[in-house]
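**Student:** need a structure here:
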Amino acid sequence: MSSVLYPVGPLPPKVYWVRRLLVLGVPLILILIIAVSCTGGGGGKSPTHSTGAGANPTTSATDSATADPNAACVPGDLSAVLDTSADGSIYPVGASPVFTATITNVSSTTCKFTSSAANEKWTVWTGPTKFWTTAGCPQSDTSSTKKLSPQASTQLSITWDGKQLDPGCKAGATAEAGTYVLHARLDGVKAQQVIFHFHTNTQ
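**Tutor:** Got it, this is the predicted structure:
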């Protein structure tokens, strides 16, 4: 016991105490470093790794959907504006109006718009009377597809002979002077109505 507390040897006691402290201190320091490294390293990396793994798939999926230029346009992506061929929307009685619809992609992504005459319903009303319509009458089965980038437009048009539609899709009486309203639903896109007139004298 005395040799432990009071080192014996040819060298001064201080030398022996320094040696003992080194022998005991170095292992303690190494153990402390290893413990801190294991605890701190594992706790620090886990949240960072988890956040990165959770964010990447969401961003990738969104980018993929946004960047697909071959997606079909849906009605909510499009707007339709109607116009008539007459200046001031006034026609002489007996004229054949040309109706035009401008279809615009109002979404923020490119999509494909497919138009088909069979899916385009043009209707002319005068007061409460449905005067003429393409609905229920044989239509061309041809179709066309166009790629529309954001804010890009395409046009559809149809010529009306200015006559009332009789049963069996036959042309009836010529439209008389008065006010008429054009409605249209084109490939699922509803357009705002437009008003036009037939006059006996356009001067």
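**Student:** So, low pLDDT: which residues of this protein?
**Tutor:** Residues of the chain meeting the criterion pLDDT under 70: 1-28, 35-67, 202-203.
**Student:** What does the closest residue to Thr159 other than its chain neighbours show for phi and psi?
**Tutor:** Spatial nearest neighbour of Thr159, excluding adjacent residues (C-beta to C-beta, 6 or more residues apart in numbering): Val98 at 5.0 Å. The C-beta positions use only the backbone N, C-alpha and C, and glycine is treated the same way. Main-chain dihedrals, Val98, degrees, to the nearest 10: phi -110, psi 120.
**Student:** Now for Val98: which residues touch it?
**Tutor:** Going by C-beta atoms under 8 Å, 6 or more residues apart in numbering, Val98 touches 84-85, 157-160.
**Student:** surely Thr102 meets Val81?
**Tutor:** Yes: judged on C-beta atoms under 8 Å, Thr102 makes contact with Val81 at a distance of 4.8 Å.
**Student:** Show the residue spans covered by the helices in this structure.
**Tutor:** 2-5, 13-67 (DSSP state H).
**Student:** could you measure Val106 against Thr159, distance?
**Tutor:** When distance is defined by C-beta to C-beta, to the nearest Å, Val106 is 27 Å away from Thr159.
**Student:** Neighbour count: these two, which is higher?
**Tutor:** Val106 (13 against 10; other C-beta atoms under 10 Å).
**Student:** got the contact list for the more buried one?
**Tutor:** 77-79, 150-151.
**Student:** tell me which of these is nearest to Lys121?
**Tutor:** Among the contacts of Val106, Leu78 lies closest to Lys121 (C-beta to C-beta), at 15.4 Å.
**Student:** need the contact list for the closest one.
**Tutor:** Residues near Leu78 by C-beta under 8 Å, 6+ apart: 103-107, 113, 189.
**Student:** repeat that with 10 Å
**Tutor:** 103-107, 111, 113, 148, 153-154, 186-190 (C-beta atoms under 10 Å, 6 or more residues apart in numbering).
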